[in-house]
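Participant: predicted model follows, preceded by the sequence.
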Amino acid sequence: MAIPNPQPKIEISPNVSAKVGERYFLEGPKSRGSEAMTLWRVLREFFYGFRKLHFIGPCVTVFGSARFKEDHRYYKLAREVGAGVSRLGFTVVTGGGPGIMEAANRGAKDVGGRSIGCNIILPFEQRPNPYLDAMLEFRYFFVRKVMLVKYSYAFVVLPGGVGTMDELFEALTLIQTGKIRDFPVVLMGKDYYAPLIDFFRDMAREGTISESDLRLFMITDSIDEAMAHLEQYAVQKFGLHRTKTLRRRRWFWER
């Protein structure tokens, strides 16, 4: 078993003041100067994310609750997911915190895979779990969401709360509207997600979504089924193959 890195490298976004974050940004119109500075900070955060995530290779992002402990069955399932995703050759990306996130990162490290955390800065601090090669921090939710979709070839969604549902529905909306194509979304936890699946079917009956939208994701409890789905719709679909990691260039200040 791989020994976890006790001090993951934390890459902190350039935005550090409480008055430049998303809450301040969403409070309504500001002065022209303040709006211009916000645009600059958002641009810097995008630039920061592009530079840092450009070199981590094809990724699969794993979502789920931060509240499950090590002895919970969903923690154990997420750890198997992290290991399986790594064996396919992907970098495992999570929010970098505890619970499902820690378990998936831990599973990646169990088999010698790469493990990254993309945290969102919130009023309550979230400590990075000890199974990360690096952790990036973003102040703006929408910037972080773009990074997770841009650099991921699939999402695996385990049981979670409002944040997990936000990421799930964001991905489904992008697929449904054609903004992204052939993006595998795997739900794991049939019992947990059964009410949600029933709700989707109710929406289809009411005509608010199409019957075909029910095929935008797969749901399973089987690690083998989930990995076979990723193999077919992420690895083979996009023609991915193992290759050398992109080299950083000093003259671009890439470290």
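Facilitator: Received the coordinates, thanks.

Participant: use CA for all of it now, contacts and neighbours both
Facilitator: Will do.

Participant: burial count for Trp40?
Facilitator: 12 (other C-alpha atoms under 10 Å).

Participant: separation between Val149 and Ala171?
Facilitator: 8 Å (C-alpha to C-alpha, to the nearest Å).

Participant: which of those two has more neighbours?
Facilitator: Neighbour totals were compared for Val149 and Ala171, and Ala171 leads with 23 against 20 (other C-alpha under 10 Å).

Participant: what is the helix ranked longest in the chain packed up against?
Facilitator: Scanning the chain for the helix with the most residues, using DSSP state H, yields helix 32-53. Judged by 3 or more C-alpha pairs under 8 Å, 6 or more residues apart in numbering; DSSP states H and E, the packing partners of helix 32-53 are helix 141-150.

Participant: what about the helix or strand just after the helix it packs on, distance to the chain center?
Facilitator: Proceeding N to C from helix 141-150, the next assigned helix or strand is strand 152-157, under DSSP states H and E. For strand 152-157, the separation from the chain centroid amounts to 7 Å (computed by C-alpha atoms, centre = their mean, to the nearest Å).

Participant: so which residues make contact with strand 152-157?
Facilitator: 58-64, 164, 168, 183-188, 230, 234 (C-alpha atoms under 8 Å, 6 or more residues apart in numbering).

Participant: among those, which ones are in helices?
Facilitator: 164, 168, 230.

Participant: of these - the most surrounded one?
Facilitator: Leu230 (25 neighbours).

Participant: is it true that it touches Pro184?
Facilitator: Yes. Using C-alpha atoms under 8 Å, Leu230 is in contact with Pro184, at 6.9 Å.

Participant: name the nearest residue to Leu214, sequence neighbours excluded.
Facilitator: Leaving aside its chain neighbours, Leu214 sits nearest to Phe200 (7.1 Å; criterion: C-alpha to C-alpha, 6 or more residues apart in numbering).

Participant: can you tell me how far the closest residue to Ile121 other than its chain neighbours is from Cys118?
Facilitator: In this structure, Ile121 finds its nearest non-sequential neighbour in Arg139, 5.1 Å apart by C-alpha to C-alpha, 6+ apart. With distances taken as C-alpha to C-alpha, Arg139 is found 11 Å from Cys118.

Participant: could you do Gly207 as well?
Facilitator: Distance from Gly207 to Cys118, by C-alpha to C-alpha: 36 Å.

Participant: so what sits opposite the residue nearest the centre of the chain in the bridge?
Facilitator: Centroid-nearest residue in the chain: Thr61, 3.7 Å away (criterion: C-alpha atoms, centre = their mean). Applying DSSP bridges to Thr61 gives these bridge partners: Val93, Phe155.

Participant: now do the contacts for it.
Facilitator: 92-94, 148, 152, 154-156.

Participant: what sits against Arg87?
Facilitator: 111, 113.

Participant: do you know how far it is from Phe155?
Facilitator: 16 Å.

Participant: one more: Gly117?
Facilitator: 14 Å.
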